[in-house]
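K.L.:
Following is a predicted model, sequence given first.
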Amino acid sequence: MENEDRPEPPVADATEPSTDAPPAPSETAESSPEADAAPREVGRRRPSAEVEFELERLFALAVKYPEVGPSLAALCFKAGWQHFAERVVQSGVAGGPRGVEYYQIAVQSARRDGRPADVIGIVRDAVTELGTRDTLSPNDGARLLQLVRQGFSTLLFDLKDPRADLGFVSFLAEQWGELEGRLADDPLFHVLRAQLLWYADPAAAEGAWADAAERGDPELVWNARGTWAKDAERDIGAAEKAYRTGIDRAPQSALLMHNLAQLLMDRAAALTPPEGETELSAAQQKARNRDLQYADELLRRALRGDARGVRRHIHATLDRLTAMRPHRERPARGPQREARGPQREAREPREPREPRAADAPADAPAEPPPPPPVPESDYAYARITTAAIANQGDRSCPDFNGGGPDNAFAGLGAFVNGQLQTSINEQSLNLLPVSIGLPAGAMDGQFAIAVLTGSDQPDGSYIVSDAALDANGDPLILFNPAEADAGRLQAGPGNFTLQLPVQGVEVELNLTSASITGGIAVDANAGLTISTGTIAGQITQEDLDAALVVVPAEFQGLIPIFLQPDLDLDGNGTNDGYSLCLTFEATPATVIGYPLP
C-alpha cells in the first residue's frame, strides 16, 4: 500500500511493490505508420513494443549476471536501438559506475526471488554509492528515494516486522542528513524521514508527518501514513483516519479508496461473537454490514476512475468482498417477453419445468413477497458479431499486475482469431449478452448483464440454450451489479466460461476475476448494443491444463512458445496464471427463452 503512491519507478503493488515482471514496454516505443515510411536516422531506431519487452527481460538478467551486460549493450548499438543501449550503459551493467536503474532492477529481482536480506543490502549500496554523488540529478534522486522506500517495504511486507533489521534503520538515519540538502524538496523525502523518526521518537515522527502533508502530493503522504499506522504501528483507527483524510484531499485516488476498503473488510472479518454466543450480536452485525457496504462503494467508485496500477487488486478485493457477502440478491426475473415480431407467435412455448423437491409444502409459513419483477421493457438483447483475442498492449485490456494492459493469450491470436470469427459468422458460436434493468436510452445506472448461448433459427432469432441457465432459470454467466456511467459499461468481477475454437476443437476456458467493458446503449425495441467491448479475466494453470487436453498433440507442443504465464495468482512471487483479453462488438438481436415464464 505504501509503495503505490508514485508512477515512477514502475508501478508497484497496491499493498507492496510488484516484482513479478520487468517494466512494461513504453507506450511510445511502437512505430507509427508515418515514422515507418520516413527515413530513419541511423542508430536512433526504437524497437517495437514486443521487442522492447524482451529487452527489458534481458536487462534484468544482465543485472543478475553482469557478464551479459556488455553483449546486450553491443547488440542494441548494432541494431540501432540507441536509446535502449544508452540505458544499459548508464545503468552500469556494461561496465563503469552503476546507475540508479541498476539498483532498481536488482531490488526488483531480489524481491521477486524472495531474498529480503539482499534487498536491504542493495538499498544500502545504492545510498552509499549514489547518495554522495555530486552529479545525482533530481530525477535520479527521486528514484533513489523510491529505492529506500523499497527497503522499508521489505521490512513491513516481506519480513512482517518494521524492526527486523535495525542496523539498516541506523544506517539510513546516519545518511539522511547528507541527502537532505539535495532531496528535501521531494515530499517522499519527508515521508521517509517520518518513518525513520518513529523508531527513536514517535512524537517527533507525528510532527514530521504533518510537515510532509504540507509538501503536496496528498495521495503519497496520506497513503503512506495510513499504511505505516496499519502495518508498523498496528493502529487501525489511525490508519482509517489517515486514509479518509487522504480521500478528502485526493478524492479521485483509486489507491486510497482501495486501501481504505481493505481495512474496513479486515475489520469486519475480525469481528467475533460475544463470549458464550455463536453468532455476532445485532450491533456487531450492523457494524459489519456498514463496513462492507462502504467498502463496496469505495471499490466501485475506484474502478470508475483512473485505477491504473491497482485495477487487478481492486478486482481481487471485490472477489473477496463477494465471498464475505454470500447472499447477495440478484435482480428478479420478469415475465416472459412477448415476441417482437410475428414470427415468435408461431413458436411453441417451452414446456413447464418439473416442481423442485425443495419447494415449500402448502402448510409452510408464508414467505415475504418477492421484489417487483424487472419491467419487460428493461430486458435488452444482443449477439456478439465480431470477436478476437486482443493484440499485445491493447489499451482496452485491463491491467491485472500493474505493468500495463495484460493479455498472455495475445500470441495465440494468429492461430485462433480466424477460427473464432468463422464460428461466429457461421453461427455455430452464438454469445448473447442481455442487459437486465437498464431502461431504453439510459446512459447511467446499475443493472445486471448476462451472457447466454443459443442456436439460430430460420427467422433470424436465437433460442437460448438450456445449458446457459441453471435449475432456477438464472444465467450461469451473470454480472450483478453492472454499471453504466455516461454510456460506458463496467461489469465484474465475475466468472466467465468461454468456448474458444483451437485447431478444430472447442477449448473451454474458465475465467475468474472476469470483467466486461465497452460502450453500451439500449434502444426502444429492446435491442442492446455494446461497442468496442472487452471480455477479460484470469485463468489458473490447472484450469488451462485441463482445457488443453482436447487440443491435438502436435499443436500442444507449440503452445508454450506463444503462451507464457504472466500473473502471480497465489502471491508467492512466481507467475502461475494467465490473463486473457477478448475484444468484441455486439449488435441487437431477437432472443427467445429468457427470462423464463
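P.N.:
Structure's in. What do you need?
K.L.:
neighbours of residue 593, just the number please.
P.N.:
21 (other Cβ atoms under 10 Å). C-beta here means a position set from N, CA and C on the backbone, and glycine is covered the same way.
K.L.:
Skipping adjacent residues, who's closest to it in space?
P.N.:
In space, residue 593 comes closest to residue 464 once its chain neighbours are excluded; the distance is 3.5 Å by Cβ to Cβ, 6 or more residues apart in numbering.
K.L.:
which residues does that neighbour bridge with?
P.N.:
With DSSP bridges as the criterion, residue 464 is bridged to residue 454.
K.L.:
Surely it and residue 450 touch.
P.N.:
No - proximity of residue 464 to residue 450 does not meet the contact threshold set by Cβ atoms under 8 Å, at 9.8 Å.
K.L.:
who touches both of the two?
P.N.:
Shared contacts of residue 464 and residue 450, defined by Cβ atoms under 8 Å, 6 or more residues apart in numbering, comprise residue 594.
K.L.:
Residue 550: what's it in contact with?
P.N.:
Here residue 550 is in contact with 505, 506, 507 (Cβ under 8 Å, 6+ apart).
K.L.:
Highest neighbour count among these?
P.N.:
That'd be residue 507 among the contacts of residue 550, by other Cβ under 10 Å, with 17 neighbours.
K.L.:
next one: the strand or helix carrying it to chain centre, how far?
P.N.:
Using DSSP states H and E, residue 507 maps to strand 505-522. Strand 505-522 has its C-alpha centroid displaced from the chain centroid by 15 Å (Cα atoms, centre = their mean, to the nearest Å).
K.L.:
hey, C-alpha coordinates of that strand in CSV?
P.N.:
Listed next in CSV are the C-alpha coordinates belonging to strand 505-522 (Å, rounded to 0.1, in the frame of the first residue of the first chain):
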residue,chain,number,x,y,z
VAL,A,505,-11.8,-28.4,-31.3
GLU,A,506,-13.6,-26.3,-28.7
VAL,A,507,-11.4,-25.4,-25.7
GLU,A,508,-13.5,-24.4,-22.7
LEU,A,509,-11.7,-21.7,-20.7
ASN,A,510,-13.0,-20.8,-17.2
LEU,A,511,-12.1,-17.1,-16.5
THR,A,512,-12.1,-15.8,-12.9
SER,A,513,-11.9,-12.1,-11.9
ALA,A,514,-13.6,-11.5,-15.3
SER,A,515,-14.9,-8.2,-16.5
ILE,A,516,-16.9,-6.9,-19.4
THR,A,517,-16.4,-3.3,-20.6
GLY,A,518,-17.4,-1.2,-23.6
GLY,A,519,-19.9,1.4,-24.8
ILE,A,520,-23.5,0.4,-24.0
ALA,A,521,-26.8,1.5,-25.5
VAL,A,522,-30.4,0.2,-25.2
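K.L.:
Provide the strand pairings for that strand, with the direction of each partner.
P.N.:
For strand 505-522, pairing defined by DSSP bridges yields strand 488-502 (antiparallel), strand 528-540 (antiparallel).
K.L.:
For these, give me TSV that also has mean pLDDT, mean neighbour count and distance to residue 187.
P.N.:
Putting the strands paired with strand 505-522 into TSV (pLDDT from 0 to 100; neighbours: other Cβ atoms under 10 Å; distance: least, Cβ to Cβ, whole Å) gives the following:
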stretch	mean pLDDT	mean neighbour count	distance to residue 187
strand 488-502	89	21	32
strand 528-540	94	22	35
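K.L.:
Could you export the ones you listed as a markdown table, including distance to residue 579?
P.N.:
Shown next, in a markdown table, are the strands paired with strand 505-522 (distance: least, Cβ to Cβ, whole Å):
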| stretch | distance to residue 579 |
| --- | --- |
| strand 488-502 | 13 |
| strand 528-540 | 6 |
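K.L.:
Could you work out which of those reaches nearest to residue 516?
P.N.:
Closest of the strands paired with strand 505-522 to residue 516 is strand 488-502, at 4.3 Å (criterion: Cβ to Cβ).
K.L.:
residue boundaries of the strands in the protein?
P.N.:
Taking DSSP state E, the strands of the chain run over residues 379-389, 431-436, 445-456, 462-464, 478-485, 488-502, 505-522, 528-540, 577-588, 591-592.
K.L.:
What helices and strands are in contact with the fifth one?
P.N.:
When contacts are defined as 3 or more Cβ pairs under 8 Å, 6 or more residues apart in numbering; DSSP states H and E, strand 478-485 sits against helix 282-304, strand 445-456, strand 488-502, strand 505-522.
K.L.:
so can I have a markdown table of these showing distance to residue 260?
P.N.:
Formatted as a markdown table, the helices and strands packed on strand 478-485 follow (distance: least, Cβ to Cβ, whole Å):
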| stretch | distance to residue 260 |
| --- | --- |
| helix 282-304 | 6 |
| strand 445-456 | 21 |
| strand 488-502 | 19 |
| strand 505-522 | 21 |
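K.L.:
Would you mind measuring from the nearest residue to residue 587 once chain neighbours are set aside to residue 427?
P.N.:
Nearest non-adjacent residue to residue 587, counting by Cβ to Cβ, 6+ apart: residue 385, 5.3 Å away. Distance, residue 385 to residue 427, using Cβ to Cβ, to the nearest Å: 10 Å.
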